[in-house]
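> A structural model of the following input is requested.
(chains A and B)
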Amino acid sequence: GAVVSQHPSWVICKSGTSVKIECRSLDFQATTMFWYRQFPKQSLMLMATSNEGSKATYEQGVEKDKFLINHASLTLSTLTVTSAHPEDSSFYICSASGTRRIEKLFFGSGTQLSVL
Amino acid sequence: AQRVTQPEKLLSVFKGAPVELKCNYSYSGSPELFWYVQYSRQRLQLLLRHISRESIKGFTADLNKGETSFHLKKPFAQEEDSAMYYCALSGGGSARQLTFGSGTQLTVLP
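Take a look at the predicted model:
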């Protein structure tokens, strides 16, 4: 099946620094990628949708200047958490799709971000 | 607004016993319902969708519009079924409108 690689798996950073998370589709072209955030024992919350070559669409309440998303190619999307603070500590998951069909949506393994 | 509720955060059953993971949803239109599974140290993956009416790994789920439920069932649980299960709803038919429940951690005891 299709594979989505997410890197890094976990990252610890100091407050005020920026962290970049990569999401790659390894064997298919991902026209659309999604970024989710998950707090402990809570649901995955969609943060934004990115389409290759265009600006990301952010969900209500998600700061676009805080969470920068770039989808420059059909196989790579990045999420940059700028000026991270402890409240940004969370589990971030990406997913990718080459079509609009949900059953063709594949998930990365997630990134645990801890901001000290 | 669409919402998915999984009332049980943790569920333990013995091997060979029936298992039912509950999922209720709220949506004004005609939703598509899904179950995703996440095995230990693995990524989230689609288990089944209500449209397909399929049985995957012995699991089935029936959409009950009257009760707005989409419970996941298996008559005889196996130890390898231990995992985190998420119920999800799509109101618009696209992945962008996928709403997840908070998940149920299933543990099948030997």
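
> so which residue is dead centre in chain A?
Residue closest to the mean C-alpha point of chain A, counted by C-alpha atoms, centre = their mean, is residue A:35 at 3.6 Å.

> surely it touches residue A:96?
No. Between residue A:35 and residue A:96 there is no contact under C-beta atoms under 8 Å: 10.4 Å. For every residue, glycine as well, the C-beta is placed using N, CA and C.

> common neighbours of those two, please.
By the contact definition C-beta atoms under 8 Å, 6 or more residues apart in numbering or on different chains, residue A:35 and residue A:96 are jointly contacted by A:23, A:77.

> which residues of the chain score low on pLDDT?
Using chain A here. A:1, A:100, A:102-103 (pLDDT under 70).

> that's the other chain; I wanted chain B
B:93, B:95.

> one more time with 90
Within chain B, the stretches with pLDDT under 90 are B:1-2, B:28-32, B:40-43, B:49-56, B:62, B:90-98.

> identify the residues contacting residue 51.
You didn't pick a chain, so chain A it is. A:31-32, A:57, A:71.

> the intended chain is chain B.
residue B:32.

> isn't residue A:24 up against residue A:76?
Yes. In this structure, residue A:24 is within contact of residue A:76 by C-beta under 8 Å, at 5.3 Å.

> just the CA trace of stretch A:81-94, in CSV.
C-alpha atoms of stretch A:81-94 as CSV (Å, rounded to 0.1, in the frame of the first residue of the first chain):
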residue,chain,number,x,y,z
VAL,A,81,5.8,25.6,14.3
THR,A,82,7.2,29.1,14.7
SER,A,83,8.3,30.5,18.0
ALA,A,84,7.1,27.4,19.8
HIS,A,85,5.8,27.6,23.3
PRO,A,86,4.9,24.9,25.8
GLU,A,87,1.3,25.0,24.8
ASP,A,88,2.3,23.9,21.3
SER,A,89,3.5,20.6,22.7
SER,A,90,1.3,18.0,21.1
PHE,A,91,1.3,15.1,18.7
TYR,A,92,1.1,16.2,15.0
ILE,A,93,0.0,13.9,12.3
CYS,A,94,0.0,14.3,8.5
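
> are that stretch and chain B in contact anywhere?
Yes. Stretch A:81-94 lies within reach of chain B by C-beta under 8 Å from any C-beta of the partner chain, at residue A:93.

> now that stretch: buried residues?
Of the residues in stretch A:81-94, those buried by neighbour count under the rule 16 or more other C-beta atoms under 10 Å in any protein chain shown are A:81, A:84, A:88-94.

> which positions in chain A make contact with chain B?
Checking chain A against chain B by C-beta under 8 Å from any C-beta, the hits are A:4, A:32, A:34, A:41-46, A:49, A:57, A:93, A:95, A:97, A:100-103, A:105-110.

> go again using 10 Å as the cut-off
A:1, A:3-6, A:9, A:32-34, A:36, A:38-39, A:41-46, A:48-49, A:51, A:57, A:59, A:93, A:95-97, A:99-110 (C-beta under 10 Å from any C-beta of the partner chain).
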